[in-house]
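>>> when you get a sec, could you give me coordinates for this:
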Amino acid sequence: MKKFLLTTAIALFIPLAASAQEMTPYTEMPAGVYKLDKTHASLVWKVSHMGLSNYTARFTDFDAGLTFDPKDPTQSKLTVSVNPMSIRTDYPNVEKTDFDKELATGENWLNAGTYPHIEFVSKSIEMTGDKSGQVTGDLTFMGVTKPVTLNVTFNGSYEHKPLSNTPALGFSAEATLKRSEWGLNTYIPMIGDDVHLLIETEFHKEG
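Take a look at the predicted model:
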C-alpha cells in the first residue's frame with residue numbers, strides 16, 4: 001500500500017513540477033542544431049472520402065532537424081524525412097487485407113518500392129506573428145519536387161526542459177497540398193485531391 005501511494009504521489013508531482021517551471025523566451029534559447037524528439041511528435045494527414053468523411057491516417061517513421069537562430073528565426077533551417085512504408089491507418093481485418101501495405105507499395109498509391117523517401121527542405125521562413133510563421137520549402141514526393149508552405153505555431157521553449165534538462169522547442173504545423181501535383185491521381189475526385197497535414201513536434205538541442 002505504501003509503495004502504491006508513493007508511486008501515485010510521484011506520478012502526480014512530476015507534471016505539477018513541470019508546469020510550475022517557467023518557459024524560456026525563444027530569443028533566449030541557445031542557437032544550434034535541434035533534433036526531433038520522436039516520442040513527442042506526430043505526422044497525420046486527412047483526405048476527403050466521397051465527401052462523407054475526412055479519412056485520417058499517419059506516418060509513424062519520420063525524422064527532422066532544425067538549425068535554430070534565436071536572434072533571427074527567419075534564418076533558421078528545417079529538414080524532414082519520411083518513410084512512406086510507415087503509413088498507418090485504422091483499416092480493420094489486416095489478416096485479410098493489409099491496406100497499409102497496399103497504400104505504401106501499390107503502384108497507384110505511394111509506390112514506395114520506386115520512391116522510398118519523402119523529403120522536405122525549407123527555403124524561407126516568414127514570421128506572421130509573435131508565435132506564428134510560415135515555412136516554405138521543397139517537398140520531394142514520388143520523384144517530383146514542388147514548393148509547400150507550412151503554417152507554423154510556436155508553442156513554447158525551455159532552456160532546461162523538465163526531466164530531460166535539455167534545451168527544447170515545440171511547434172505545431174498545418175499544410176494543405178494537392179496530391180495530383182505530385183502525380184498521385186488515383187480515384188480523384190471520389191478520394192479528395194486536397195491532403196491536409198497536421199504536424200506536432202518537439203525538438204531537443206544536440207550536444
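>>> distance of S53 from G192?
S53 sits 11 Å away from G192 when distances are taken as CB to CB, to the nearest Å. C-beta here means a position set from N, CA and C on the backbone, and glycine is covered the same way.
>>> the two: which is more packed in?
G192 (19 against 10; other CB atoms under 10 Å).
>>> check contacts around the more buried one.
If you count contacts by CB atoms under 8 Å, 6 or more residues apart in numbering, G192 has them with V47, S48, H49.
>>> ditto for T67
Here T67 is in contact with G32, V33, Y34, S76, K77, L78 (CB under 8 Å, 6+ apart).
>>> hey, what's Y55 bridged with?
Following DSSP bridges, Y55 is listed with bridge partners V47.
>>> ok, L150 touching T176?
No. Taking CB atoms under 8 Å as the definition, L150 is not a contact partner of T176, at 10.3 Å.
>>> coming back round to it: out of the contacts of G192, who's nearest F120?
V47 (18.5 Å; CB to CB).
>>> M127 and Q134, how far apart?
M127 is 8 Å from Q134, by CB to CB.
>>> ok, I199 next?
Distance from I199 to Q134, by CB to CB: 14 Å.
>>> any shared contact partners between the two?
L150.
>>> between these two, tell me which one has more neighbours.
The residue with more neighbours, out of I199 and Q134, is I199; 19 against 15, by other CB under 10 Å.
>>> OK, contacts around the more buried one?
Residues in contact with I199, defined by CB under 8 Å, 6+ apart, are A41, S42, L43, V44, L150, F171, S172, A173, E174, A175.
>>> which phi and psi does the closest residue to D69 other than its chain neighbours have?
Closest residue in space to D69, ignoring its immediate chain neighbours: Q75 at 4.4 Å, by CB to CB, 6 or more residues apart in numbering. Dihedral angles of Q75 (phi, psi; degrees, to the nearest 10) stand at phi -90, psi 0.
>>> now do the strands in this structure.
32-36, 42-49, 53-59, 62-68, 77-82, 87-88, 118-129, 132-141, 144-158, 168-178, 191-205 (DSSP state E).
>>> make TSV out of the ones you listed and add mean pLDDT and distance to P25.
Output for the strands of the chain, formatted as TSV (pLDDT from 0 to 100; distance: least, CB to CB, whole Å):
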stretch	mean pLDDT	distance to P25
strand 32-36	98	16
strand 42-49	98	26
strand 53-59	98	32
strand 62-68	98	13
strand 77-82	98	20
strand 87-88	98	36
strand 118-129	98	14
strand 132-141	98	15
strand 144-158	98	7
strand 168-178	98	11
strand 191-205	98	16
